[in-house]
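J.: Need a 3D model of the following:
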Amino acid sequence: MTFTPTPLLLALLLGLSQSACQPQKLEQGQASTASTESQAQLDAIKAELSQIKIELKQVSSQVEEIHTIATASTRPTTRKLPNLSEQELSLHTPSLGDPQAQLAIVEFSDFQCPYCKRFLDTTFSQLKQTYIDSGKVQYLVKNFPLTFHANAEPAAIAAYCAGEQGAYWPMRDKLFANMTALNDGLYTQLATELKLDMKQFNHCQTAVETKAQIAADRALGSKLGVQGTPSFVIGTLKDKQLLAPELLVGAQDFNAFSAVITSIQSKP
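T.: So this is what the prediction gives:
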């Protein structure tokens, strides 16, 4: 609220300021008149101050209301989904965190998607530190290579095959770090750096079962309404099932995830 003093209040304040520095002599008759005028001015000021107090109370109430609305609006839009079975949730799915956690987040990701990399670079570390490492959330990743990203599926296969030797997460980091140079030579190079069994790695890359697993991930995402990456399915984890999950789409910031998690935790 911007307060604009009235001419009366300005005049009095100016007069008080000047009288403190430049006293003026008044005749006896003038003194009585001046006293009456001063009392009237003081009464007017008191009336103005009372009105200001009323307006400040109104503004304070409005600020509280705005704060309440703004806080509520920080929760991003999500869409409710059907429950995920144990098989849908965890079959050949790399995960981080406590399997006994109360919540789970399932990311559908594409190694050629710049928004997936943005999420990894700006949000994932804080999400991991706050919720995954603390045992509150189990984090799982499903592959959702988009058809217009030619290198996304081969990269997903390379990550999956690294995961078969317990190296999914370091391979994931390396693939995103080199997302503009995805090719067969890179996958071999990264597998070598990770000291994987290359015979097993190469066999896995060409196995029919591997491609079928990537297709199964994509089919599950499509069933849940995933159309772009990254997309996240967040819900309550119970008996190895994901109950009352919600779909959150896009490279959201940490506050968005925190708001959804808090909302789910508050439900009976």
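
J.: From what I see, residue 193 and residue 174 are in contact.
T.: Yes: judged on Cβ atoms under 8 Å, residue 193 makes contact with residue 174 at a distance of 7.4 Å. No exception for glycine: its C-beta is placed from N, CA and C like everyone else's.

J.: Tell me where the stretch 151-268 of the chain is predicted with low confidence.
T.: Applying pLDDT under 70 to the stretch 151-268 of the chain picks out no residues at all.

J.: where along it do the helices fall?
T.: In the stretch 151-268 of the chain, the segments counted as helices under DSSP state H, counting those that start in this stretch are 152-163, 168-177, 184-193, 198-206, 208-224, 254-265.

J.: most packed of these?
T.: Stretch with highest mean neighbour count among those: helix 152-163 (a mean of 23; mean count of other Cβ atoms under 10 Å).

J.: who's in contact with the nearest residue to residue 182 once chain neighbours are set aside?
T.: The shortest distance from residue 182 to any non-neighbouring residue, by Cβ to Cβ, 6 or more residues apart in numbering, is to residue 151 (3.9 Å). Counting by Cβ atoms under 8 Å, 6 or more residues apart in numbering, residue 151 touches 111, 112, 182, 183.

J.: burial count for residue 41?
T.: When neighbours are defined as other Cβ atoms under 10 Å, residue 41 has 15 of them.

J.: any idea which helix or strand comes after the helix or strand where it lies?
T.: Assigned by DSSP states H and E, residue 41 falls within helix 28-72. Toward the C-terminal end, the helix or strand that comes next after helix 28-72 (DSSP H and E) is strand 79-80.

J.: now that following strand: how far from the chain's centre is it?
T.: 17 Å (Cα atoms, centre = their mean, to the nearest Å).

J.: So which elements touch that strand?
T.: Other helices and strands packing on strand 79-80, by 3 or more Cβ pairs under 8 Å, 6 or more residues apart in numbering; DSSP states H and E, are strand 241-249.

J.: residues contacting residue 196?
T.: Applying Cβ under 8 Å, 6+ apart, we find residue 196 in contact with 162, 165, 167.

J.: So what's the predicted local confidence for the residue nearest to residue 230 when sequence neighbours are not counted?
T.: The shortest distance from residue 230 to any non-neighbouring residue, by Cβ to Cβ, 6+ apart, is to residue 116 (4.7 Å). You'll see residue 116 listed with a pLDDT of 97.

J.: can you tell me how far residue 116 sits from residue 267?
T.: According to Cβ to Cβ, to the nearest Å, residue 116 stands 29 Å off from residue 267.

J.: just residue 234 next, same as before
T.: Counting by Cβ to Cβ - residue 234 and residue 267 are separated by 12 Å.

J.: Those two: who's more crowded?
T.: Using other Cβ under 10 Å, the more surrounded residue of residue 234 and residue 267 is residue 234, with 23 against 7.

J.: partners of that one in the sheet?
T.: residue 105, residue 246 (DSSP bridges).

J.: Contacts only, for it.
T.: For residue 234, the contact set (Cβ under 8 Å, 6+ apart) comprises 78, 103, 104, 105, 106, 245, 246, 248, 257, 260, 261, 264.

J.: before we move on, what about residue 89?
T.: 104, 106, 140, 240, 241, 242.

J.: Helix, strand or coil: sort out it for me.
T.: Classification of residue 89 by DSSP: H, G, I helix; E, B strand; the rest coil places it in helix.

J.: what do you get for the one 3 residues further on?
T.: Per three-state DSSP, the secondary structure class of residue 92 is coil.

J.: and it, how many residues sit next to it?
T.: Look at residue 92: counted by other Cβ under 10 Å, it has 14 neighbours.

J.: residues in contact with it?
T.: The neighbours of residue 92, taking Cβ under 8 Å, 6+ apart as the test, are 160, 213.
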